[in-house]
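Asker: compute the structure for the input listed below.
(chains A, B, C and D)
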Protein chains: 2
Amino acid sequence: MSFAHTFKALSDPVRREILVLLKRGRLSAGEIGSHFDMTGATISYHLNVLKKADLVFETKYKNYVYYELNVSVVEEIMMWLSELKGGTENVERK
Amino acid sequence: MSFAHTFKALSDPVRREILVLLKRGRLSAGEIGSHFDMTGATISYHLNVLKKADLVFETKYKNYVYYELNVSVVEEIMMWLSELKGGTENVERK
DNA sequence: TATCTATTTAGAAATATTTCTAAATAACCA
DNA sequence: TGGTTATTTAGAAATATTTCTAAATAGATA
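Answerer: Okay, the predicted model is just below:
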């Protein structure tokens, strides 16, 4: 979506932990929820924030909704941070 | 300080723009403020959030306070994101 | 079809964030 | 010293975020 949304999404510890869980592969909303001491509704809210930020995408199978990490947006933020660190003109060349 | 504070600090567009300004070198609080249509008090608040997140540090000279980007914390977040992307076990080796 | 399971939506309460104005500090200079 | 400039602090108002409970939806199965 936008850097604003992406960084906002990353700014919450629950959402960062969800992303770490998804690092190992896709999980259903319920599986994600079982890692937290929170209602399914709250997890659903956080998943929606991550989805709007394009940090995860969902696929539906039977009556489950599976969430998966979207690596490409993580790469985009890394690019932004890399620019901040030094800009292209400072890339080290040997 | 912590990832929580760092990402929270990065989640605001004004603060991200301040960081981009500081990319070119240190600036006083007033110089930073002149780039925005906001009161000095508001800029001071944002600088304080960035400072608490260790994204900037300040040095005082005369009656000015200069702010400078702290690259090392930017690098730490990039490390976290890099882990998220694939973890050490996935680093490409040729 | 009826009902059970998984998940989301709606709405409300508590808390946090962002911004302002006005006042306080702190250091400079005439 | 007294006044000017740069910046921060305090406190308040507006808005946004996070969480819950209860209800709604959607699909699966008996």
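Asker: now do A:Ser82, the pLDDT please.
Answerer: Predicted confidence (pLDDT) at A:Ser82: the value is 96.
Asker: quick one, what contacts the spatially most central residue of chain A?
Answerer: Taking CA atoms, centre = their mean, the centroid of chain A lies closest to A:Leu55, which sits 3.4 Å from it. Contacts for A:Leu55 were tallied using CB atoms under 8 Å, 6 or more residues apart in numbering or on different chains; they are A:6, A:9-10, A:15, A:19, A:69-70, A:73-74. Yep, even glycine has a C-beta here, placed from its N, CA and C like the rest.
Asker: now the phi/psi pair for it, please.
Answerer: phi -80, psi -20 (degrees, to the nearest 10).
Asker: quick check: it vs DNA strand C, distance?
Answerer: Using CB to the nearest atom of the strand, to the nearest Å, A:Leu55 is found at 14 Å from DNA strand C.
Asker: do A:Ile32 as well
Answerer: Relative to DNA strand C, and taking CB to the nearest atom of the strand, A:Ile32 is found at 8 Å.
Asker: you'd agree A:Lys8 is in a strand?
Answerer: No: note on A:Lys8: no strand contains this position according to DSSP: H, G, I helix; E, B strand; the rest coil, which reports helix.
Asker: which ones are touching the nearest residue to it once chain neighbours are set aside?
Answerer: Excluding the flanking residues, the one nearest A:Lys8 by CB to CB, 6 or more residues apart in numbering or on different chains is B:Ser11, at 4.4 Å. Counting by CB under 8 Å, 6+ apart, B:Ser11 touches A:4, A:7-8, A:10-11.
Asker: circling back to that earlier point, show me which of the contacts of A:Leu55 neighbour chain B.
Answerer: A:10, A:19, A:69, A:74 (CB under 8 Å from any CB of the partner chain).
Asker: quick check, the first one in contact with B:Phe7.
Answerer: Yes: counting by CB atoms under 8 Å, B:Phe7 is a contact partner of A:Leu10 at 4.6 Å.
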